[in-house]
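Asks: please find the sequence and the predicted model below.
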Amino acid sequence: MSRTVPLSYGAMAQDLQVNGGFAINPATTTGLTLGYLGCDFSYGITEVEAAAGTVALTDDTTNYVKVSRSNGAVTAYTVNEADTALAHLYTVTTASGVITGITDYRSVPV
């Protein structure tokens, strides 16, 4: 049985243009694991190639899923600190071992 998780959209992600990359991958998203698709992106003059992967989420809290601008590594944090080395992809809420909500902060091409 599939389960629908609310998805909402936050402000566009700063100046990192991912053009639809890092989309959630339903095939690898389960329980407290968020799966995402790979993405080639640029930050200034830096070109970065990030492979698809998964990130472990912390239960019963808000997780801030961010990507490193320099190497494309995706990590979930439980504190949303400002860090210019990271771009905010998603805010994910969890409870009782499952994802309960997702807010998308990836930039959207115009």
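Replies: Nice, I can see it.

Asks: from now on I want contacts and neighbour counts done on CA atoms only, so please keep to that.
Replies: Will do.

Asks: hmm, Asn63 and Glu100 touching each other?
Replies: Heads up, residue 100 is Thr, not Glu. No: checked against CA atoms under 8 Å, the pair Thr100 and Asn63 is beyond contact range at 11.2 Å.

Asks: which non-adjacent residue is nearest Val74?
Replies: Nearest residue to Val74 in three dimensions, chain neighbours excluded: Val67, at 4.4 Å (CA to CA, 6 or more residues apart in numbering).

Asks: where along the chain do the strands fall?
Replies: Along the chain, the stretches classed as strands by DSSP state E are 7-9, 33-36, 39-43, 46-50, 53-56, 62-68, 74-77, 86-95, 98-104.

Asks: before we move on, the earlier item: between Thr100 and Asn63, which one's more packed in?
Replies: Asn63 (23 against 18; other CA atoms under 10 Å).

Asks: from Ala56, how far out is the more buried one?
Replies: 10 Å (CA to CA, to the nearest Å).

Asks: tell me, what's touching these two both at once?
Replies: Ala76 (CA atoms under 8 Å, 6 or more residues apart in numbering).

Asks: need the strands of the chain in a markdown table with mean pLDDT and distance to Ala23, can you?
Replies: Shown next, in a markdown table, are the strands of the chain (pLDDT from 0 to 100; distance: least, CA to CA, whole Å):
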| stretch | mean pLDDT | distance to Ala23 |
| --- | --- | --- |
| strand 7-9 | 47 | 12 |
| strand 33-36 | 96 | 5 |
| strand 39-43 | 80 | 9 |
| strand 46-50 | 84 | 12 |
| strand 53-56 | 97 | 11 |
| strand 62-68 | 95 | 12 |
| strand 74-77 | 97 | 12 |
| strand 86-95 | 93 | 9 |
| strand 98-104 | 93 | 9 |
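
Asks: could these be laid out in JSON lines, adding distance to Asn25?
Replies: Listed next are those as JSON lines, based on distance: least, CA to CA, whole Å:
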{"stretch": "strand 7-9", "distance to Asn25": "13"}
{"stretch": "strand 33-36", "distance to Asn25": "5"}
{"stretch": "strand 39-43", "distance to Asn25": "12"}
{"stretch": "strand 46-50", "distance to Asn25": "14"}
{"stretch": "strand 53-56", "distance to Asn25": "9"}
{"stretch": "strand 62-68", "distance to Asn25": "14"}
{"stretch": "strand 74-77", "distance to Asn25": "14"}
{"stretch": "strand 86-95", "distance to Asn25": "13"}
{"stretch": "strand 98-104", "distance to Asn25": "13"}
